[in-house]
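>>> I need the structure of the sequence given here:
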Amino acid sequence: MKNEINDKVSIFRIVIKTVLIFLLINFLFLLIREISYGSISLYNSVFPGRERLPFGENPGESFNLTLTNLDAMIASHKLAGDKKTKNDFRIIILGDSSIWGFLQKPEDTLAAIIEKNIGSKCAGKNVEVFNLGYPSLSVLKDLMILDKVNDFDPDLVLWFVTLESFPKTELMTTPLVKNNPLELNRIIEEYNLDLPTASIDLLGFSLIGQKRNLADLVRLQFYGALWAGSGIDQVYSNDYPPARRDFEEDYSYKNINDRILKSSDLSLEIVIRGISKNPDIDFILINEPILISKGLNSEIRYNFYYPRWAYDQYRTIIDTVFKKNGIEYHDFWDLIPETEFTNSAIHLSDTGERLLAAETIPLIKEHCD
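Below is the predicted model:
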């Protein structure tokens, strides 16, 4: 009987100790929440760095996945493993899924086409072009990525934007922004942005709260082996629903009832301050091409995203504001024929990407010279 009691006491003590140790480890994560454990990566060492930031909706087929740890995303990119020399001219491209390259292989993206066709030298230096586009429409998301890669010493940033990148009503809903509250608050403070700071859920930084992020980090490393062996990072398919060309008689845009778009509706200061805070980097801002429909009610809407009244006013606003602030800005909105868009009003075919690259390369060469 005495042995049975001692066994029960021992088991009870083990259980209590285990629970206490777990709780201790769990809440130790609160103390290290600002430590960049996402930067620990097998990419650029065991596996080659990825050509673009990780994003994937079908991990088992694309050998890729979507996660929101910015440090892990950057650490998996080839930029993180590329040591810049004094003979390198480094170009970074920011933007949405059209820049990331939806439905395109890495070698067919805008970044790859520019690097291949610009020539091996730029003012006597070797040209390196890095694709830092990411599939969501948000200049705030772009700024967070830009801030993360500043340490890699870019010489030139091509920043592609569109009207959907700017509305203040949706800035904070982008997953990459929403799921990085500490980084977001630091960006708001450092760049003096007129945005509400994010609330911090401390339990979300505990071990339990971070279990999904940690699992994603491990999975990203696992998919590195498959990516390295195949070069596949998304599901490539020619069987996709084409971008809409026909529309209802719909003038609506972002609950603006008077059909007057104001500069105060747009977060233009994010781009302005992002550029002014990085005076050692050259910037070229480009209004990216959009699908201009010729279908039903195309006199009302250019495409699924934009009624004509809103987009036309946006183009006037952005041209005026950025030129006033001395920002190099180019408007390529109508550059690409309607036939060269794929499954979205902003996603380009391979031919469309080559047309865009042909217009962009001369702008880059001006900065080389």
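
>>> any idea how far M73 is from K178?
As judged by C-beta to C-beta, to the nearest Å, K178 and M73 stand 15 Å apart. Where you see a C-beta, it was placed from the backbone N, CA and C, and this is true even at glycine.

>>> To clarify, my last question referred to P48.
16 Å.

>>> the more surrounded of those two?
Per other C-beta atoms under 10 Å, whichever of P48 and M73 has more neighbours is M73, with 25 against 14.

>>> what helix or strand is the more buried one on?
Here M73 sits within helix 70-75, counting by DSSP states H and E.

>>> buried residues in the one helix or strand L220 maps to?
According to DSSP H and E, L220 maps onto helix 211-230. Under the neighbour-count criterion of 16 or more other C-beta atoms under 10 Å, helix 211-230 has N213, D216, L217, L220, Q221, Y223, G224, L226, W227, A228 buried.

>>> go on, stretch 175-195?
Using 16+ other C-beta under 10 Å as the test for burial, stretch 175-195 gives 176-177, 179-181, 183-185, 187-188, 191, 193, 195.

>>> neighbouring contacts of it?
33-34, 66, 68, 70, 134, 136, 138, 140-141, 143-144, 147, 171-172, 197-201, 267, 269-270, 273-274, 277 (C-beta atoms under 8 Å, 6 or more residues apart in numbering).

>>> Determine the three-state secondary structure at the residue nearest the centre of the chain.
When C-alpha atoms, centre = their mean is applied to the chain, the residue found nearest the centroid is Y134 (2.8 Å). Classification of Y134 using DSSP: H, G, I helix; E, B strand; the rest coil returns coil.

>>> Skipping adjacent residues, who's closest to it in space?
Distances taken as C-beta to C-beta, 6 or more residues apart in numbering place L53 nearest to Y134, at 5.2 Å, with adjacent residues excluded.

>>> Thought K78 was touching the one you found, still the case?
No: the pair L53 / K78 is not scored as a contact, 10.6 Å apart, by C-beta atoms under 8 Å.

>>> what sits against the residue nearest to the centre of the chain?
Counted by C-beta under 8 Å, 6+ apart, Y134 has contacts L53, F55, D96, S97, W100, K141, D142, I145, L176.

>>> Can you give me the buried ones in stretch 131-139?
Buried residues in stretch 131-139, counted by 16+ other C-beta under 10 Å: N131, L132, G133, Y134, P135, S136, L137, S138, V139.

>>> Turn the residues you listed into JSON lines, including distance to V321.
Putting the buried residues of stretch 131-139 into JSON lines (distance: C-beta to C-beta, whole Å) gives the following:
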{"residue": "N131", "distance to V321": "27"}
{"residue": "L132", "distance to V321": "24"}
{"residue": "G133", "distance to V321": "23"}
{"residue": "Y134", "distance to V321": "24"}
{"residue": "P135", "distance to V321": "26"}
{"residue": "S136", "distance to V321": "23"}
{"residue": "L137", "distance to V321": "19"}
{"residue": "S138", "distance to V321": "18"}
{"residue": "V139", "distance to V321": "13"}
